[in-house]
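Colleague: Mind folding the following:
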Amino acid sequence: MKILSDEEKNAHWNAVLYEGTKGCVVGAGVAFGLVTYMKKRHAVNYARMNTSVKSALWAMPVITVGAFYADEGSVKFDEEWHRSSYLKQKEDEELNKWNQLAWSDKLFYKVNNNKYSLIIGAWAASLYGSWKIVNKDKYMTSAQKAVQARVYAQAITVVLLLGTILMSLHEQELKKKEPAPVPEWKKYLLEQNEKKKEQDTSATPST
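Modeller: Numbering: from 1, shown residues only. The predicted model follows:
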C-alpha cells in the first residue's frame with residue numbers, strides 16, 4: 001500500500017476543494033434558474049411549498065453539482081500525479097500515428113470525428129435552403145410548398161445517410177491497415193526488460 005506524503009495530501013485536498021467550490025458556484029446558478037422559473041411559471045405551486053421544499057430547490061443543485069465537480073477534480077489530480085508519464089506516452093504515440101497519415105486520411109479523420117455535428121448542420125441547412133427555393137414559387141400554395149420542401153429535405157437526408165455509411169466503411173478499411181495494437185501488459189514487460197538490460201550494462205565492470 002502506498003503511503004501518501006503530506007505534500008500530496010495537501011495538493012489533493014486543494015484540487016478537490018477548488019473544483020468542488022467551482023461546482024457549487026455552477027450549482028447555485030442552476031438553482032437560481034430553477035427557482036426563478038418556478039416563481040414565474042408556477043407561482044401558485046411555488047407559494048404552496050413549505051420552507052423545506054424551497055430550501056431543497058436551492059440545496060440539491062448546489063450539493064449535486066459540487067460533489068460531481070469535486071469527484072472529477074480528484075480523478076484529474078490522480079491522472080496528473082500518477083499517470084502523467086503514461087498519458088504523455090500515449091499522446092506521443094497518437095501524434096506519431098497522426099504524422100504518418102496521408103493528408104487525405106487526416107482530412108477524413110477530421111470529418112469523421114465531427115460527422116454527427118456536420119450531418120445535423122447540413123440537414124438543418126438543407127431544410128432552410130429547400131424552403132427558400134420552394135418559397136420563390138408564387139403559384140404554389142403554402143401547403144404545396146411545405147410538401148415540396150419536405151421532399152427535397154428527404155432526398156438530401158438520404159444522401160447524408162449514404163455518405164455516413166461510406167465513411168464508416170472507409171474507416172473500417174483504414175483500421176484494417178493499422179498494425180495490431182500492442183497490449184499494455186506487453187509494453188510494460190518490454191520496458192522493464194529494457195531497463196534491466198541498461199542496469200546490467202551499467203553494472204558490468206569495464207575491462
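Colleague: What is whichever strand or helix holds Ala125 packed up against?
Modeller: Element membership for Ala125 (DSSP states H and E) is helix 115-134. Contacts defined by 3 or more Cβ pairs under 8 Å, 6 or more residues apart in numbering; DSSP states H and E place helix 115-134 against helix 142-177. In short, each C-beta sits where N, CA and C put it, glycine included.
Colleague: mind listing what's buried in the helix it packs on?
Modeller: Using 16 or more other Cβ atoms under 10 Å as the burial criterion, the residues of helix 142-177 that qualify are Lys145, Gln148, Ala149, Tyr152, Ala153, Ile156, Leu160.
Colleague: what's the fourth one in contact with, if anything?
Modeller: When you say that, I think you mean Tyr152. Ser126, Ser130, Ile133, Val134 (Cβ atoms under 8 Å, 6 or more residues apart in numbering).
Colleague: Apply 7 Å and report the result again.
Modeller: With contact taken as Cβ atoms under 7 Å, 6 or more residues apart in numbering, Tyr152 is in contact with Ser130.
Colleague: Break this protein into its domains for me.
Modeller: Residue ranges for the domains of the chain, per the TED database: 1-82, 101-178.
Colleague: got TSV for these, with distance to Thr201 and mean pLDDT too?
Modeller: Output for the domains of the chain, formatted as TSV (distance: least, Cβ to Cβ, whole Å; pLDDT from 0 to 100):
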stretch	distance to Thr201	mean pLDDT
domain 1-82	29	87
domain 101-178	34	77
